[in-house]
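kindly return the folded structure for what I paste below:
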Amino acid sequence: MTHPQFQEPEEDSARMSFISHLGELRRRLMYVVAVLLAAALGCFSFAPELFEILRRPLENIPDASMIVLTPLEMFVTYLKLAVVAGIFVTTPWILVQLWLFIAPGLYQNERRWLAPFVILGSLFFCLGGAFAFYVVLPLGFEYLVKMVPDSVDANYSVGAYFALVIRLLLAFGLVFELPLVMWILAAAGITSPDFFSTKRKYWIVVAVVLAAFFTPPDPFTQLLMAVPLVLFFELGILGAKLFYRKRQEKEA
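Now for the predicted structure:
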């Protein structure tokens with residue numbers, strides 16, 4: 001039997017490795033936050049223009065108007081819009097930092113996927129935001145406003161409205177990243193396509209739960225999010241099979 005004292009160096013090495021990973025993660029997060037803050041400050045001057053753009057889904061709704069309930073509501077809204085704009089602008093930088101954090105665990109030839117990962121990740125994230133703005137928001141608000149009786153005035157709080165808009169933009173941006181994440185996991189050999197296939201029925205439940213959490217409490221808007229989640233999961237499985245097969249061929 002191995003004496004316990006011979007196991008201590010391994011435990012110390014594992015502990016040091018874990019601490020070094022935490023240090024690397026903190027360093028990457030600091031880089032992300034620093035650039036994001038700079039981008040948000042730059043986008044703050046365009047906050048009024050962003051406000052006018054993102055309020056367009058309400059323009060086609062008759063008798064809909066916006067109100068502020070507190071003196072700081074407009075300032076806080078502008079600040080949130082600047083941060084969200086900064087997130088979309090710095091998406092490539094955020095993905096680069098994510099890649100640099102996970103790259104040490106990849107093979108040498110797999111580290112060359114940096115450019116496709118950043119380009120596709122940025123594209124998918126922006127497409128998700130565009131889908132939320134051009135499809136989900138107009139249809140969702142039209143459905144919700146129809147539930148308002150004629151005896152009730154449709155006056156919407158600026159803070160509440162933009163909180164919902166921001167949540168949907170970010171949520172759909174992340175949803176559209178799902179296939180890319182699945183492709184990377186399969187290409188790196190972390191998981192196999194068969195693993196994803198066996199979890200299909202569970203993912204349907206997860207998709208419904210996520211849609212209920214990120215969208216307003218109405219079935220129509222939740223459906224607009226749950227359906228893409230399921231479709232992207234299937235797309236992720238197809239891509240994962242292709243990348244996983246290529247990896248096996250290279251290893252063989």
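
so where do the helices sit in this protein?
8-44, 47-54, 73-89, 91-102, 114-131, 137-145, 158-175, 178-187, 193-198, 200-214, 219-251 (DSSP state H).

nearest to S65 among those would be which one?
helix 158-175 (10.6 Å; Cβ to Cβ). For every residue, glycine as well, the C-beta is placed using N, CA and C.

so what touches that closest one?
With Cβ atoms under 8 Å, 6 or more residues apart in numbering as the test, helix 158-175 has contacts from 51, 54-55, 57-58, 66-70, 73-74, 76-77, 80-81, 84, 87-88, 124-126, 128-129, 131-133, 136-137, 140, 210, 214-216, 225, 228-229, 232.

so for that helix, what's the average pLDDT?
Here helix 158-175 scores 90 as its mean pLDDT.

that helix vs helix 114-131, what angle?
140 degrees (axes from the mean of the first three to the mean of the last three Cα atoms, to 10 degrees).

angle of helix 158-175 against helix 47-54?
Helix 158-175 runs at 70 degrees relative to helix 47-54, counting by the same axes, to 10 degrees.

helix 158-175: how far from the chain's middle?
Taking Cα atoms, centre = their mean, to the nearest Å, one finds the center of helix 158-175 at 11 Å from the center of the full chain.

quick one: buried ones out of the contacts of helix 158-175?
The neighbour count (16 or more other Cβ atoms under 10 Å) marks 51, 54-55, 57-58, 66, 73, 77, 80-81, 84, 87-88, 124-125, 128-129, 131-133, 136-137, 140, 210, 214-215, 225, 228-229, 232 as buried among these.

what sits against F141?
57-58, 61.

how near is it to A163?
Look at F141 and A163: by Cβ to Cβ, to the nearest Å, they are 14 Å apart.

where in the stretch 101-250 of the chain is pLDDT low?
Applying pLDDT under 70 to the stretch 101-250 of the chain picks out residues 104-111, 188, 247-250.

80 instead, please
102-114, 140-155, 184-191, 214-221, 243-250 (pLDDT under 80).

nearest spatial neighbour of P57, chain-adjacent residues omitted?
L137 (4.3 Å; Cβ to Cβ, 6 or more residues apart in numbering).

what number of neighbouring residues does the residue lying closest to L25 once chain neighbours are set aside come out with?
Sequence neighbours aside, F101 is the residue nearest to L25 in space, at 6.3 Å (criterion: Cβ to Cβ, 6+ apart). F101 has 15 neighbouring residues, counting by other Cβ atoms under 10 Å.

you'd agree F101 is up against E24?
Yes. Taking contacts as Cβ atoms under 8 Å, F101 lies within contact range of E24: 6.2 Å.

okay, now the domains of this protein?
Structural domains annotated on the chain: 10-176, 178-252, as defined by automatic domain parsing.

roughly how far is the first one from the heart of the chain?
Yep, that's domain 10-176 we're talking about. Computed by Cα atoms, centre = their mean, the chain-centroid distance of domain 10-176 equals 7 Å.

how near is the residue nearest to P57 to F131?
For L137, the distance to F131 - Cβ to Cβ - is 10 Å.

again, but for S197
From S197 to F131 the distance is 26 Å (Cβ to Cβ).
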